[in-house]
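Visitor: Just need the structure, nothing else, for what follows:
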Amino acid sequence: MTPEDFAALLTPEGRALLDSLRDHDPAREIAVATRLRRDHPAPLVSAALGQARLRQRAVAKFGAEDAFRMYFTPGGGEMATRAPVASYRAGRLAALGVRSVADLCCGIGGDALALARLGIRVLAVDNDPLTVAVARANAAALGLEGLIEVREADVTDVDTSGYDAVFLDPARRGGRGRIFDPESYSPPLSWAVGAARTARYAAIKIAPGIPHEAVPPEAEAEWISDQGDVKEAVLWFGTAPGTVRATLLPGPRSLHTADPLPDPAAGAVGRYLYEPDGAVIRAHLVAEVAEQLSGRLIDPTIAYVTSDELRATPYATAYEITDVLPFGLKKLKALLREREVGVLTVKKRGSAVEPEELRKKVKPQGPHAATVFLTRVAGAPSMLIGSPVSAP
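Guide: You can find the predicted model right below:
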């Protein structure tokens, strides 16, 4: 899609065409396109159908009410922050007293929208003409253009001195997919950190796999999960230097410390197994959860906590374990057949076995459900069988 194609979508004809495609079935797209081209220019029909697909996909990130009013680019929709995460981060900035933010590498404007909805004035900057046009259209579509200035520029040339805070979201995708080296981000993480150091408050959105040793000593590092899925990490400047934090959404619920505990001891598998949230694991706060549970690890290298007591915690999912067995497909298949298990959830940590391959081989059948953990116990490949359980 070119900027000219996108501009056509903003005309009355383009808007009406998009509205008519809100609930269209992508499987019937050829027939729909043929029908629409009788009354509309072919380039506009193609752009509208593409945008309709993007809007449908964006519902998972932005909710239907916003997604069907917003505009997207294919890459921009994928890289945009999920709305609950953007809202949480905007709330943290607002709680710090921030009233203006320079949003560098703004993309389609997801974070700028969340900030503006809290009354924060935003300068949203990106260097791609189409992305800038989409971000500007999104601000207008949601009635926030009075708080969001969208500017096409190289972020390294932008003066941010007049803003309370800087938010940076370096591009982490290239022509070959995801970029894992922070110095290959665009702009590089080192530049982003330098820019953050010039502001009173700053936040840098980064990939959750960043090594802890790459976190600057003056930064707070936060890992965020939404509904159990780790979405991102954020480096905060001007908040709590040296703190590591795991935040779980919805909630939010945050576990944090500036003085992490040593790894807990490992011991025998107890009656209950706790699977820490991914944000807890990424933040290296499993020991803190184990302390809350009076638990221990099942293996020094595996982030599963076990205990003989059932305790409530928002930071881990509890399972009642019925069997602890050495790994073996025949044993597992026989046990599942005996217990008539047809719904099998397979989780793994420290195992090379792929869950789908396991399901194909054991062929679960029956009315009951179970969870199998493929892991290591005291260094030995093992299978733990159980079911989710909630603390009273």
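
Visitor: pLDDT below threshold where in the chain?
Guide: 174-177 (pLDDT under 70).

Visitor: Tell me where it has helices.
Guide: Ranges of helices within the chain are 3-9, 12-20, 29-36, 42-62, 64-67, 74-79, 83-95, 110-116, 129-141, 189-196, 278-282, 286-293, 329-338, 355-362, based on DSSP state H.

Visitor: Please identify the deepest-packed of the ones you listed.
Guide: Mean neighbours per residue, mean count of other C-beta atoms under 10 Å, is largest over the helices of the chain for helix 110-116, with a mean of 28. C-beta coordinates here come from the backbone N, C-alpha and C atoms, glycine included.

Visitor: Can you list the helices and strands that it packs against?
Guide: For helix 110-116, the elements it packs on are helix 83-95, strand 100-104, strand 121-126, helix 129-141, strand 148-152, judged by 3 or more C-beta pairs under 8 Å, 6 or more residues apart in numbering; DSSP states H and E.

Visitor: sorry, back to before: got JSON lines for the helices of the chain, with distance to Ala246 too?
Guide: Compiled in JSON lines, the helices of the chain are given as follows (distance: least, C-beta to C-beta, whole Å):
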{"stretch": "helix 3-9", "distance to Ala246": "39"}
{"stretch": "helix 12-20", "distance to Ala246": "40"}
{"stretch": "helix 29-36", "distance to Ala246": "42"}
{"stretch": "helix 42-62", "distance to Ala246": "21"}
{"stretch": "helix 64-67", "distance to Ala246": "27"}
{"stretch": "helix 74-79", "distance to Ala246": "23"}
{"stretch": "helix 83-95", "distance to Ala246": "13"}
{"stretch": "helix 110-116", "distance to Ala246": "21"}
{"stretch": "helix 129-141", "distance to Ala246": "30"}
{"stretch": "helix 189-196", "distance to Ala246": "21"}
{"stretch": "helix 278-282", "distance to Ala246": "4"}
{"stretch": "helix 286-293", "distance to Ala246": "9"}
{"stretch": "helix 329-338", "distance to Ala246": "32"}
{"stretch": "helix 355-362", "distance to Ala246": "25"}
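
Visitor: Nearest to Asp259, out of those?
Guide: Among those, the nearest to Asp259 by C-beta to C-beta is helix 286-293 (10.3 Å).

Visitor: Could the C-alpha coordinates of that closest one be exported in PDB?
Guide: Taking Å, rounded to 0.1, in the frame of the first residue of the first chain, the C-alpha atoms of helix 286-293 are listed here in PDB:
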ATOM      1  CA  VAL A 286      11.300 -17.500  40.600                       C
ATOM      2  CA  ALA A 287      13.100 -17.600  43.900                       C
ATOM      3  CA  GLU A 288      10.800 -14.900  45.200                       C
ATOM      4  CA  VAL A 289       7.700 -16.900  44.200                       C
ATOM      5  CA  ALA A 290       9.200 -20.100  45.700                       C
ATOM      6  CA  GLU A 291       9.700 -18.200  49.000                       C
ATOM      7  CA  GLN A 292       6.000 -17.100  49.000                       C
ATOM      8  CA  LEU A 293       5.000 -20.700  48.500                       C
END
